[in-house]
Every structure is written in structure tokens, then in C-alpha cells.
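Novice: with the sequence up front, the predicted model follows.
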Amino acid sequence: MRGKKPKDAAQKGGNGAVTRRDFLRGASLAVSTGLLAADGAAVASPPESSAAAVVGPGKVPVTLRVNGQVHRLELEPRVTLLDALRNDLDTTGSKRVCDRGTCGACTMIVDGKAVYSCSLLAIEAEGRNITTIEGLMKDGRLSPVMQAFIDNDAQQCGFCTPGFVMAATALLAERRHLTPEEVNRGLGGNICRCGTYHGLRLAALEAAKRMKA
């Protein structure tokens, strides 16, 4: 019958060697120490040079220039430009449809570029020039793009129409000589669920001719 190993031998193994249990115990202690150190580093204050100003979550002052008029609002930083204009300024021409920046119904022009206003925070648009479809009419007259949309029957339900008009207006502000392929690319970020794409293309091309004339 075999005798029991001495207690020290069971812990250290033969000839005083470190056992698997001792190795795992030591490794666990080292990992735990490292995690505690990492946790301490995570909660430490960042260097002053890399610290960014934090606003919110409550309302903060935001100044928006919309269609040439300055509006001073109190908004939560999470509010999008689309929601700020629709809910706080009653500027409802731009529509909320997908709310994911994919359909283009909320398109506005910011500093001359067409943008999805559902994906732009209002606070990010502060100090920039914002144009909505309400700002395209001058002295009660439709813009060339708006008139071309009517003349070419480029709408059915009309829900996506403001976004298409804004996208076409931004496109024509960059270039007046458009090919059908350029129109397709320029309006490719907008979706018409009624399928009036033929009329939309004709409207953009006709508006380009009118604006050249």
C-alpha cells in the first residue's frame, strides 16, 4: 500500500518543483493585479490637452440660421437638425421618413451642400447657412427647379418631393450643364416610392436649361 505524499511535496511537487496549481494561482494573481491597474487608469482624468468640452444632456443654447433668418433655440445636444426645424421652428417642408439617412426625404442644403438633416445634429449646424424648401421661393414665385417639377409631373404623393427639389437645387448650384447620367448620380441619394423617376430626371434637366437661359 502506497504511503501519502508529504504535505510540502503535494504542494510543490517532487524535488520542490512548482505544481500546476501553484502556477495557476500565481497567474491569476498577476492578471487580477493588471486588471486593477487598468481600471485605475480608465477612471483617471485624461490629460488636459485631450479633454473635450462636454455639453448636455440638458438643453443648451443653439443659434441656427435658416433661410436667411437667425433663430436662437434651447435644444438638447441629441436633437437632430430635422427635429429642431420641424418641432421648434414649425418648418415642416423637410419630411421624416426613414430616419436613417437613406431615403433623402429630409434633404436640406447646408453651406451649399445637400445633407440628410435626420443625420445631422442641430448643434453641429450652428453658425452654418441652412436652406429648406421654404426658402427657395422669392417674392412669392417658385424657383426654376420647383416650377420644372410641376411642369414635368415629377411627383405623385408628394411626400418625397421636397427632398428631391433640394437635392436637384444643390446639384444645379454646382453645375448647369447636366447629362442624364449626371442627374441620375446627383439624385441617387433620394428614393421615390411612387416611382416617378422619369419625371424627376426630366424636371432636373429642364430646370438646368431654364437656369442657363
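Specialist: Thanks, I have it. Predicted model only: the values in this text are computed from it and were never measured. Numbering: from 1, shown residues only.

Novice: and the helices in this protein?
Specialist: 7-12, 20-43, 81-83, 144-151, 161-174, 180-186, 197-212 (DSSP state H).

Novice: now the fourth one: mean pLDDT?
Specialist: The reference is to helix 144-151. Averaged across helix 144-151, pLDDT comes to 97.

Novice: please point out which parts of it sit buried.
Specialist: Neighbour-count burial for helix 144-151 flags 144-146, 148-149 (criterion: 16 or more other C-beta atoms under 10 Å). The C-beta positions use only the backbone N, C-alpha and C, and glycine is treated the same way.

Novice: could you export the residues you listed as a markdown table, including distance to Ala208?
Specialist: As requested, the buried residues of helix 144-151 are exported to a markdown table (distance: C-beta to C-beta, whole Å):
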| residue | distance to Ala208 |
| --- | --- |
| Pro144 | 9 |
| Val145 | 9 |
| Met146 | 14 |
| Ala148 | 9 |
| Phe149 | 13 |
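
Novice: Ala125: which of those residues is nearest?
Specialist: Val145 (22.4 Å; C-beta to C-beta).

Novice: ok, now which ones touch the closest residue to the closest one other than its chain neighbours?
Specialist: The shortest distance from Val145 to any non-neighbouring residue, by C-beta to C-beta, 6 or more residues apart in numbering, is to Ala207 (4.5 Å). Each residue near Ala207 by C-beta atoms under 8 Å, 6 or more residues apart in numbering is listed here: 144-145, 147-149, 168, 172.

Novice: tell me the one of the residues you listed nearest Cys194?
Specialist: Closest approach between the contacts of Ala207 and Cys194, by C-beta to C-beta: Phe149, at 13.3 Å.

Novice: isn't that closest one right next to Thr161, touching?
Specialist: Yes: judged on C-beta atoms under 8 Å, Phe149 makes contact with Thr161 at a distance of 6.7 Å.

Novice: in contact with the residue nearest the centre of the chain, which residues?
Specialist: Nearest to the geometric centre of the chain sits Ser119, at 3.0 Å (C-alpha atoms, centre = their mean). Under the criterion of C-beta under 8 Å, 6+ apart, the contact list for Ser119 reads 80, 100-101.

Novice: any idea how far Arg176 is from Thr102?
Specialist: Distance of Arg176 to Thr102, computed by C-beta to C-beta, to the nearest Å: 28 Å.

Novice: next: Pro57.
Specialist: For Pro57, the distance to Thr102 - C-beta to C-beta - is 27 Å.

Novice: which one's more surrounded, the two?
Specialist: Thr102 (14 against 9; other C-beta atoms under 10 Å).

Novice: so what's the nearest residue to the more buried one once chain neighbours are set aside up against?
Specialist: Leaving aside its chain neighbours, Thr102 sits nearest to Ile191 (7.4 Å; criterion: C-beta to C-beta, 6+ apart). Listed by C-beta under 8 Å, 6+ apart, the contact partners of Ile191 are 102-105, 160.

Novice: one more time with 10 Å, if that's ok
Specialist: Ile191 makes contact with 97-98, 102-105, 160, 163-164, 197, according to C-beta atoms under 10 Å, 6 or more residues apart in numbering.

Novice: nearest to Thr131 among the residues you listed?
Specialist: Distance to Thr131, by C-beta to C-beta, is smallest for Gly163 among those, at 12.9 Å.
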